[in-house]
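# need a structure here:
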Amino acid sequence: MDHRRKNKPRRGGGARTKIHPPKKPRIALIGFRGVGKSAIARRLAEYWQIPLLSLDEKIERDEGMRIEEIVRSRGWQYFRDREYAALATAAETDRLLLDCGGGIVEEAEGLRSDRKMQILKEKFFCIYIAVNEEKMLYRLQNLARNASRPDLSPADSPQNLLEVFKRREPLYLEIAHTVVDISDTNIAESALRITQMFK
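As a prediction, the model looks like this:
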């Protein structure tokens, strides 16, 4: 990924091996579906001994149905509104590691969500879990259909999902305080790479 922009967040990764908890009380992992955010978040929560919240799982618990059922019965904007409400509540928590869904930066119809992006930028230290386009396409091609998630497009093909990724990535970068590119590594190493960013 070759993003040319001012104040680009620094990419994680370093030589330190001692694991230190982050000093900022609220951390958010952002990034596209299938990159391993949830698995990485579980590792980090264990390393740092910090409460972990998955926004998608919270919404499903609160609504008593899976995300695909929420969207099918009430529509995308209803889901995005619930996502905003859950995010706003999480932003008031004293200490938290937040696992965000891939669409956290959008409203219905793929429109950018200034309201959610503002909360993330101001209230959380956002870590963008990034992979290059080649790796993303590979992961999408091998990603098993997750029954708890709705289709992002009528075909939901890897190519269509890749276009969604390309649309969202500039928004992830806009709110990211740092970027961790995990194109060349696995979940365990990715989590360790993130812990090495904190002194």
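# tell me the centre residue of the chain?
Ile30 (2.4 Å; C-alpha atoms, centre = their mean).
# Which strand residues bridge that one?
Taking DSSP bridges as the rule, Ile30 bridges to Tyr128.
# Quick one: residues contacting it.
Lys37, Cys100, Ile104, Val105, Leu120, Cys126, Ile127, Tyr128, Ile129, Tyr172, Ile175, Ala176 (C-beta atoms under 8 Å, 6 or more residues apart in numbering). No exception for glycine: its C-beta is placed from N, CA and C like everyone else's.
# Can you flag which of those belong to helices?
Among the contacts of Ile30, DSSP state H puts Lys37, Leu120, Tyr172, Ile175 in helices.
# Can you flag the buried ones in those?
Neighbour-count burial (16 or more other C-beta atoms under 10 Å) applied to the ones in helices among the contacts of Ile30 gives Lys37, Leu120, Tyr172, Ile175.
# distance of the third one from Ile70?
Okay, so that is Tyr172. 23 Å (C-beta to C-beta, to the nearest Å).
# Tell me where this structure has strands.
Assigned strands in the chain, in chain order: 10-11, 26-30, 52-54, 96-99, 125-130, 178-181 (criterion: DSSP state E).
# Minimum distance to Thr89: which of the ones you listed has it?
Thr89 lies closest to strand 52-54 among those, at 9.5 Å (C-beta to C-beta).
# Contacts for that closest one, please.
Residues outside strand 52-54 that contact it (C-beta under 8 Å, 6+ apart) are Ser38, Ala41, Arg42, Leu44, Ala45, Ala90, Thr93, Leu96, Leu97, Leu98, Asp99.
# For the third one, give me its contacts.
Contacts for Arg42 were tallied using C-beta under 8 Å, 6+ apart; they are Leu52.
# Kindly report the same for the fifth one.
The neighbourhood of Ala45, defined by C-beta under 8 Å, 6+ apart, consists of Pro51, Leu52, Leu97.
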